[in-house]
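[1] sequence first, predicted model second:
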Amino acid sequence: MDFDLTQEQQMLKDSVSRFTQETYDFEIRRKIVESDKGTSQEIWSQFAELGWLAVPFPEAQGGMGGSAVDLMVLMEAFGKGLVSEPFVTSALLFGGLLSQSNNSDKFLNIIEALIAGNLHGSFAYLERQSRFELFDVKTTAKRQDNAFILNGEKTVVFNAQNTDKLIVLARTGGSQTDELGVSLFLVDRDAEGISLTPYQLMDGQKVANITFNNVVVSEQAVVGHIDQAAGLVKKVINHARVAICAEAVGTMEKLYTATVEYSKIRKQFDTPIGSFQVLQHRMADMFIEYEQAKSLLFRTVCSMDEQSDEIEKNILALKTLIGRIGKKIGGDAIQIHGGMGVTDELDIGHYVKRLMTINTTFGDMDYTQQRFADYLLG
Amino acid sequence: MDFDLTQEQQMLKDSVSRFTQETYDFEIRRKIVESDKGTSQEIWSQFAELGWLAVPFPEAQGGMGGSAVDLMVLMEAFGKGLVSEPFVTSALLFGGLLSQSNNSDKFLNIIEALIAGNLHGSFAYLERQSRFELFDVKTTAKRQDNAFILNGEKTVVFNAQNTDKLIVLARTGGSQTDELGVSLFLVDRDAEGISLTPYQLMDGQKVANITFNNVVVSEQAVVGHIDQAAGLVKKVINHARVAICAEAVGTMEKLYTATVEYSKIRKQFDTPIGSFQVLQHRMADMFIEYEQAKSLLFRTVCSMDEQSDEIEKNILALKTLIGRIGKKIGGDAIQIHGGMGVTDELDIGHYVKRLMTINTTFGDMDYTQQRFADYLLG
Amino acid sequence: MHTSFSDEELAFRDEVRAFMRENFTPDLARRLACDKTFKDAQVEWEKKLFAKGWIAPNWPVEYGGTGWTVAEKFIFESERSAAGAADVMPFGLKMLSSVILGFGSEAQKQRFLPKILSSDEWWCQGYSEPGAGSDLAALKTSAELDNGEYVVNGHKIWTSYAHYADWIFCLVRTSKEAKKQQGISFLLIDMNTPGITVKPIVSIDGRHTLNEVFFDDVRVPVENLIGEPGKGWTYAKALLTHERSMAGVADSKRDMREIREWAKQEINGGKPLLEDPLFRKRLTDVEIDLMALEYTELRTLAKAMKGQGPGTESSILKIKGTEIQQAMQELRMDLAGYYAGIVPGELSPEDTGHEFGSSAREKYMYGRASTLYGGSNEIQRGIIAKFVLGL
Amino acid sequence: MHTSFSDEELAFRDEVRAFMRENFTPDLARRLACDKTFKDAQVEWEKKLFAKGWIAPNWPVEYGGTGWTVAEKFIFESERSAAGAADVMPFGLKMLSSVILGFGSEAQKQRFLPKILSSDEWWCQGYSEPGAGSDLAALKTSAELDNGEYVVNGHKIWTSYAHYADWIFCLVRTSKEAKKQQGISFLLIDMNTPGITVKPIVSIDGRHTLNEVFFDDVRVPVENLIGEPGKGWTYAKALLTHERSMAGVADSKRDMREIREWAKQEINGGKPLLEDPLFRKRLTDVEIDLMALEYTELRTLAKAMKGQGPGTESSILKIKGTEIQQAMQELRMDLAGYYAGIVPGELSPEDTGHEFGSSAREKYMYGRASTLYGGSNEIQRGIIAKFVLGL
């Protein structure tokens, strides 16, 4: 038993941390987030050069074959630095679907471009009515000769403004909420029949609702098995859940330490507010909860790397706990920062908004807790 | 709008308060509770003399025709004084069923004896499997000529050791959990075929499981309508819920004030523990929650006296809130009392045990909250 | 003990209800919700109330008040809120006016009250400073006498709607020698005076209501001082108590109705969220707290009808009121799911796919501050511990 | 980063598991649960562990310790707990022994350790006094030198199992001049010495484990003093830290399994409580916290395997460990419903109708104290604020 990082992992951590301090500070991030595309090709190229984009891909596909722990180290450091580049979307969702599909061989050139930082991809899976049910899918893909015709609407597609390609989750059979009968299609973002309604999320992400109007995709564009994409989607979403939980742990570390520091400086009634017992205990609780979140994260990534039979259980528990603790730490950070916590100028509020977005993404705490209960208690 | 007590109500309150201070202090209560019967005929006779037993009965039946507010005043003072005499059982449950049944005329002599303090009665409604579902009833009453034959078991019958008569909830039709098909039977506690397994509850109440083995009751002993007792039972239980909630509010008042006083005296690190900010805020919360409980109690009794259409909703909300706040105030009282809170010697623990019993009685907070949700949200 | 209203009160309730229905139109509501049209719409609404004579329930009749009983004031407030109608801007009509009425000169009353009443002059409140939040006694903005005028220098922060205001009422330090709280005075300043700069603070919800206000040798006539120099703290305290006499129960009840409605429409896995057991639990937790708080508020009101209080009840109302509001904001956020994150820009709800997501987030974000203003909940608990529990 | 055990460790785990299964019999468990037979059964169990050589994992091998690695100790503890087997009485084997081993003389080691190891002498702990709870420095029990003996006078309270103990280890004040904590010494006293009176304290759960111990001119040989006079506080502190190095996760996991089992059997309205949405929510809240705490404990253990800590982690383990225990006790109580109230007397579960009601209440009641002993959770939070956060 050992919870230390390897030397390589420590180097990875240090390199992200150096990057977010020296190259990607809060003001630079703000400019990128406020730009039209919401991302920076320059920064993304650096990600590629530093090898970060290769981490999640197997060596056979030109990646680094990183472990769950490696990915955790990377994401935690991203969280601490409030990195908003679409790593999860391009590398983990889009890249993950291609890389882990049974027909990944077909997509090696795309994976190569992803790793090189030359391409962005998004996963279009949500719909207006779907909320947190991944397979509540109305978008249809109808076979026509050697092609499929896509029709329908996908919502809140991450990084849609800046992406080159989409993987679309569509129904090829079954009824609206069936797991059986969903398939994945790779399509150019600019293909004919696609139109975007772009907007922004509170954490700065550029997203869009996308409508598909008789969009023709060839049989070659099918990712994974026809009708049977559910397993692949669940696996990839589960890994992405862990990744954003690791990011959240980094975010929480920043929030609790910044709050403690602020409380030492900020005075009220002539004494630092950090000297009030009630606030001391609240910050002690922030620390304890942060440590608990970190422990469950360790548990989860270890179970993934060790192929234990608790992976599914751990991931559902982790996502739930991160949601709960995120609300607590985020709320306390704002409260203790007083007026400063609710300004757009200070970074605190932006970290909190990212935590809130993470809670919702891939199912919020109430949703995952009920799935956890189903898993554990039947 | 007015939340003051009338002069009569104030007198009632003062008289109970004088009684619990002068006649029924903690040591006397302890002796009574530890006695075989767990109640005192002497004390009970004083209840009668002071007119308290008459409060819940209508004037036409020889009672005082007290309002919901009157009953609240009485119960709140009982709670503050930790009165363990079986007022709820004899006067509100047993007496309430007789008094509010359509055939109450038949039972006037029993009601008279109740008011005079000459008789105790209990309501046997729970069964091993019933938990909080009032009409999960397996005990059967089979008609045989002009009589009924009772068979089955009732559990946790309050005051069973000391009672003279029982009203038994038994099934005369329908299946195990049907509301339709339950009936009420008045029977002597010592009737042939009845046997008791007596024990005690943590709040000092003497209770028993009672088995009925071919107990013969005459048709005259039916309380209310055959097969259709559910409405009467629900009404009486609902009123008893409000009564024990009022008792709980009195109990909470005692607990929060005693805790505040203790914190002023008890020293740690050379200062009274009540000077620590964290404990101050916890006690402020105890006070706030107590006031909230009181407000919802006022809301409920006013709605009863004013026959508003919110009575059912208010009662379910009240029972839920009392459970939640009771746990909080009870837990904090023990915690702040430190070691003293967990001794049998000090009254604090006994108040807490009564609060805990109240939470469970007639459905605990989780149960009533779900019924509240059903009522409010469908 | 009873909770009924008299026939006259019930008739009054119907009158208010009818007025709200007729005058607070959906169009007005829409314009109030939009930053660009907010001020004009607010003035329009206040002028309707002014025309009806209902703009200032707490003022004495001779200055334009309504002469209502405590019960009538409560009924008005409940009905306004239940109808979803906007409240008046509080700075002039509720806050400053109570100070002027209590401590101002006759000349000040004549000069300022009529234009507050008619909403022709808008006010903002200059209390907080970067180094003085809940602890107002630490404030540094100075006003020094020079040639019959005060010369004001300093920096106020968190000033709501300063960018719309014609005037600001300020706490300023007029003496450095006196003990901290005794050197503070209450000064009225025309926002058009040279030397005043207003700088927007963009809130976490992306909107602009807060500001910083800088004073650089701003000259203010001495007749704009309220009462005596050095007593500003006393005047301000009277006002702070006033600020906390209601818990916003009527607003919260309306919000809960909306949340229930939305939870009926929001579907997950084919079932409305209103049928989701966890959501039901969370929703009823709040509902039950609110049912209790409504009566805590009524108990306070009943005391007020007898001319008592509000004393420490106001701390309970503040703490529980804001906790309930935050719980509702969280429910709303969680209900909206992904759509709570939407920054809508120029898009309509039809485009983004959700009717209440964005407003849910704005309320949530802005609401994080509600346990901070007017004395934080920590300070309120301290007040209860000291003055109620004697600790 | 990995969580796997070596093959040797896995083999050891199997050995422990087998030992527990064979030796901790249902009959032993039954006798331990009954007050009348408790002490004999506990001694019987400890003698089995003694015979196996597993009674004192933390002692040096030369005094009878096991020589286990940190991982082996952890495995032993987890398996013992998972099997539901009783722990040893901590007073001699865990607490006093660490003080004697660290600070006692060779003569004291020879005299006391063997009988602790064989469970032939039972100890109790005399720290708390009526005026000194978490704040031990305030204690007043005095020991004055007279003719080569200490004469002890005073009053200890909350002394667990004093009525079973042969000896008591006490903190006593040997100097009144020295600064508060420096006048305290660590003294071993034979419970059979004249002048000692033990008075039971009946707990809120109706049982008797706690006592008051009165000392009235009790004469104690000077050779029963540990280390130097005036250093008792230092020795006691070393021991307090030791007390908090585990969070009881293994016990809590076993309890959760039981709770799930009972929730399957408890029916309401025809459905098991395990299907009740609110119960599922509460149960999984605890389950998830516990899953995290298990790894917080393992992280502490991994540090210990490297010879570091436990430092402030022990405060996290204490706070979260007791909070989880209390949440479980509450679940258990609520699960039992009416039957949680039963004081069973001589009745069997078949008579009263419920298997776990009474024990649920006892655990709950006794558990209310778990956030008090060993330094209250408030004090633990203060430690984190000071030593971790630097506040």
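    Thanks, I have it.
[2] and the longest helix seen in chain A, which residues are buried?
    Ranked by number of residues, the top helix in chain A under DSSP state H is helix A:230-265. Of the residues in helix A:230-265, those buried under the neighbour-count criterion (16 or more other Cβ atoms under 10 Å in any protein chain shown) are A:230, A:232-233, A:236-260, A:262-263. Using the backbone N, CA and C atoms, a C-beta is placed for each residue, glycine as well.
[3] which strands and helices lie in contact with that helix?
    Packing partners of helix A:230-265 (3 or more Cβ pairs under 8 Å, 6 or more residues apart in numbering or on different chains; DSSP states H and E): helix A:68-80, helix A:95-100, strand A:182-188, strand A:271-272, helix A:277-305, helix A:311-337, helix A:347-360.
[4] tell me the angle that helix makes with helix A:68-80.
    Orientation check (axes from the mean of the first three to the mean of the last three Cα atoms, to 10 degrees): helix A:230-265 against helix A:68-80 gives 50 degrees.
[5] ok, residue 355 - contacts?
    Chain wasn't specified; assuming chain A. A:Ala248, A:Thr251, A:Met252, A:Leu255, A:Gly326, A:Lys327, A:Ile329, A:Gly330 (Cβ atoms under 8 Å, 6 or more residues apart in numbering or on different chains).
[6] wait, I meant chain C there
    Taking Cβ under 8 Å, 6+ apart, one finds C:Trp262, C:Pro349 in contact with C:Glu355.
[7] what about it, which SS state?
    Following DSSP: H, G, I helix; E, B strand; the rest coil, C:Glu355 is assigned to coil.
[8] what's the answer for C:Gly84, then?
    Classified using three-state DSSP, C:Gly84 is coil.
[9] look up phi and psi at it.
    phi 80, psi 10 (degrees, to the nearest 10).
[10] that one touches C:Ala29, doesn't it?
    Yes. The pair C:Gly84 / C:Ala29 is scored as a contact, 6.9 Å apart, by Cβ atoms under 8 Å.
[11] I'd like the mean pLDDT over stretch C:146-160, please.
    If you average the pLDDT over stretch C:146-160, you get 94.
[12] what about the residue located most distally from the centre of chain A, distance to chain C?
    Of all residues in chain A, A:Asp270 has its C-alpha farthest from the mean position, at 43.1 Å, by Cα atoms, centre = their mean. As defined by Cβ to the nearest Cβ, to the nearest Å, A:Asp270 lies at a distance of 7 Å from chain C.
[13] let's see the pLDDT reported for the residue nearest to that residue when sequence neighbours are not counted.
    Excluding the flanking residues, the one nearest A:Asp270 by Cβ to Cβ, 6 or more residues apart in numbering or on different chains is C:Ala138, at 7.3 Å. Predicted confidence (pLDDT) for C:Ala138: 81.
[14] next one: phi and psi at C:Ala138?
    Dihedral angles (degrees, to the nearest 10) for C:Ala138: phi -90, psi 10.
[15] ok, now C:Asp166?
    According to degrees, to the nearest 10, C:Asp166 has phi -90, psi -30.
[16] in contact with it, which residues?
    C:Glu121, C:Trp122, C:Trp123, C:Asp190, C:Met191, C:Asn192.
[17] residues near the third one, how many?
    A count of neighbours around C:Trp123, defined by other Cβ atoms under 10 Å in any protein chain shown, yields 26.
[18] cool, and C:Thr197?
    Neighbour count of C:Thr197, defined by other Cβ under 10 Å: 12.
[19] check it and give its pLDDT.
    97.
[20] how about the residues of the stretch 251-378 of chain A that lie near chain C?
    Residues of the stretch 251-378 of chain A found near chain C (Cβ under 8 Å from any Cβ of the partner chain) are A:267-270, A:276, A:278-279, A:327, A:331, A:334-335, A:338-339, A:341-345, A:349, A:352-353, A:356-357, A:360-361, A:364, A:366-367, A:369-370.
[21] buried subset of those?
    A:267-268, A:276, A:278-279, A:327, A:331, A:334-335, A:338-339, A:341-344, A:349, A:352-353, A:356-357, A:360-361, A:364, A:366-367, A:369-370.
[22] among those residues, which are within reach of chain B?
    Residues of these in contact with chain B (Cβ under 8 Å from any Cβ): A:Phe276, A:Val278.
[23] okay, the most centrally placed residue in chain C and chain D: tell me how far apart.
    Compute the mean C-alpha point of chain C, and by Cα atoms, centre = their mean the closest residue is C:Pro90, 5.8 Å away. Distance, C:Pro90 to chain D, by Cβ to the nearest Cβ: 37 Å.
[24] next, the contact list for that residue, please.
    With Cβ under 8 Å, 6+ apart, C:Pro90 has no contacts at all.
[25] picking up where we left off before, ranking the helices and strands packed on helix A:230-265 by mean pLDDT, which is last?
    Across the helices and strands packed on helix A:230-265, strand A:271-272 gives the lowest mean pLDDT, at a mean of 88.
[26] name the helices or strands packed onto it?
    Against strand A:271-272 (3+ Cβ pairs under 8 Å, 6+ apart) you get helix A:230-265.
[27] what's the first helix or strand after the helix it packs on?
    Using DSSP states H and E, the next helix or strand after helix A:230-265 towards the C-terminus is strand A:267-268.
[28] that next one near chain D at all?
    No. If you take Cβ under 8 Å from any Cβ as the test, strand A:267-268 misses chain D, and the best it gets is 13.8 Å.
[29] pairing partners for that strand, with directions?
    Strand A:267-268 pairs in its sheet with strand A:271-272 (antiparallel), by DSSP bridges.
[30] quick one: contacts for A:Asp136?
    A:Glu127, A:Gln129, A:Ser130, A:Gln176, A:Thr177, C:Gly269, C:Gly270.
[31] in CSV: these, plus distance to chain D and pLDDT.
    Output for the contacts of A:Asp136, formatted as CSV (distance: Cβ to the nearest Cβ, whole Å; pLDDT from 0 to 100):
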residue, distance to chain D, pLDDT
A:Glu127, 26, 95
A:Gln129, 23, 92
A:Ser130, 22, 93
A:Gln176, 25, 95
A:Thr177, 21, 94
C:Gly269, 15, 86
C:Gly270, 17, 87
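[32] list of residues touching stretch C:201-208?
    In contact with stretch C:201-208 (Cβ under 8 Å, 6+ apart) are residues A:202, A:334, A:341-345, A:349, A:352-353, C:35, C:157-158, C:163, C:200, C:209-212, C:343, C:361-362, C:365-366, C:368.
[33] in strands only, show me those residues.
    Those of these mapping onto strands are C:Pro200, C:Thr209, C:Leu210, C:Asn211, C:Glu212, C:Val343, per DSSP state E.
[34] what's the burial count for the fifth one?
    Spelled out, that is C:Glu212. Neighbourhood size, C:Glu212 [other Cβ under 10 Å]: 18.
[35] wait, it sits on C:Lys156?
    Yes. Contact criterion Cβ under 8 Å: C:Glu212 and C:Lys156 qualify, at 6.9 Å.
[36] joint contacts of those two?
    In terms of Cβ under 8 Å, 6+ apart, C:Glu212 and C:Lys156 are not both contacted by any residue.
[37] which of the contacts of A:Asp136 tops the neighbour count?
    Highest count within these by other Cβ under 10 Å belongs to A:Ser130, 25 neighbours.
[38] need the pLDDT of the nearest residue to that one once chain neighbours are set aside.
    Leaving out its chain neighbours, the residue that sits closest to A:Ser130 by Cβ to Cβ, 6+ apart is A:Asp136, at 4.0 Å. pLDDT, A:Asp136: 97.
[39] so where do the strands sit in chain C?
    For chain C, the strands defined by DSSP E cover C:123-126, C:142-146, C:149-156, C:167-173, C:184-190, C:196-202, C:208-221, C:225-226, C:267-268, C:271-272, C:342-343.
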